[in-house]
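Trainee: heads up, no residue letters with this:
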């Protein structure tokens, strides 16, 4: 048996303006605040002498590698991403950035926003544009029924509302 794993599918290159600001803020924090603080800690630990058994030095170097890795990822990802900063001309259909209210068979309403893959951990109501749910919703209108394939089977939802909201300041 092989350990080979096929590469994951590439993420879509779209991001909302709010998501881009969050990633830029993280990049700025890592580069301007956290990395200099960890670098100073490593410098102080290195000045204590024997580095091979110095836990502070070893842990600090590991932190620096992790920070540098995340900074490289953020820089590359922000270069590739397209910031979607305006609403679509046809706001009666579901497109990137839409808030969609779905109603299940029991009448329970759930609200989701379709965003880029890099924004998911910021809000539990966000779903990736790459997800099967978002793919099923794209270009649908209010009142349409959508069949979504889930692990437990196929489930049908009714699109109750579609809304495009301006970002909160």
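Mentor: Sure thing, it's come through. Since the structure is predicted, the reported quantities are computational estimates derived from the model, not experimental observations. Numbering: from 1, shown residues only.

Trainee: any chance you could list what contacts the helix-or-strand element of the chain with minimal mean pLDDT?
Mentor: Taking mean pLDDT, DSSP states H and E as the measure, the chain has strand 145-150 as its least confident helix or strand, at a mean of 88. Strand 145-150 is touched from outside by 102, 132, 133, 136, 137, 140, 154, 155, 156, 157, 158, 159, with contacts defined as Cβ atoms under 8 Å, 6 or more residues apart in numbering. For every residue, glycine as well, the C-beta is placed using N, CA and C.

Trainee: just checking: what are the partner strands of it?
Mentor: With DSSP bridges as the test, strand 145-150 is paired with strand 153-163 (antiparallel).

Trainee: state the mean pLDDT of the partner strand.
Mentor: Average pLDDT, strand 153-163: 92.

Trainee: check stretch 32-42 too.
Mentor: The model assigns stretch 32-42 a mean pLDDT of 95.

Trainee: buried ones in it?
Mentor: Burial within stretch 32-42, assessed by neighbour count using 16 or more other Cβ atoms under 10 Å, is assigned to 34, 35, 38, 41, 42.

Trainee: name the helix or strand for the fourth one, please.
Mentor: Of the helices and strands defined by DSSP states H and E, residue 41 is found in helix 35-46.

Trainee: sorry, back to before: could you single out the nearest of the buried residues of stretch 32-42 to residue 88?
Mentor: Set against residue 88, the nearest of the buried residues of stretch 32-42 by Cβ to Cβ is residue 34 (37.6 Å).

Trainee: tell me which residues touch that closest one, please.
Mentor: Residues near residue 34 by Cβ under 8 Å, 6+ apart: residue 67.

Trainee: so how far is residue 56 from the residue lying farthest from the centre of the chain?
Mentor: What lies farthest from the middle of the chain is residue 49; by Cα atoms, centre = their mean that is 42.1 Å. As judged by Cβ to Cβ, to the nearest Å, residue 49 and residue 56 stand 12 Å apart.

Trainee: for residue 134, same thing?
Mentor: In this structure, residue 134 and residue 56 are 45 Å apart, going by Cβ to Cβ.

Trainee: out of those two, which sits in the more crowded spot?
Mentor: Just comparing residue 134 and residue 56: by other Cβ atoms under 10 Å the higher neighbour count belongs to residue 134, 22 against 14.

Trainee: any idea whether the more buried one is helix, strand or coil?
Mentor: Under DSSP: H, G, I helix; E, B strand; the rest coil, residue 134 falls in the helix class.

Trainee: that one contacts residue 117, correct?
Mentor: No - if you go by Cβ atoms under 8 Å, residue 134 and residue 117 don't touch, sitting 10.3 Å apart.
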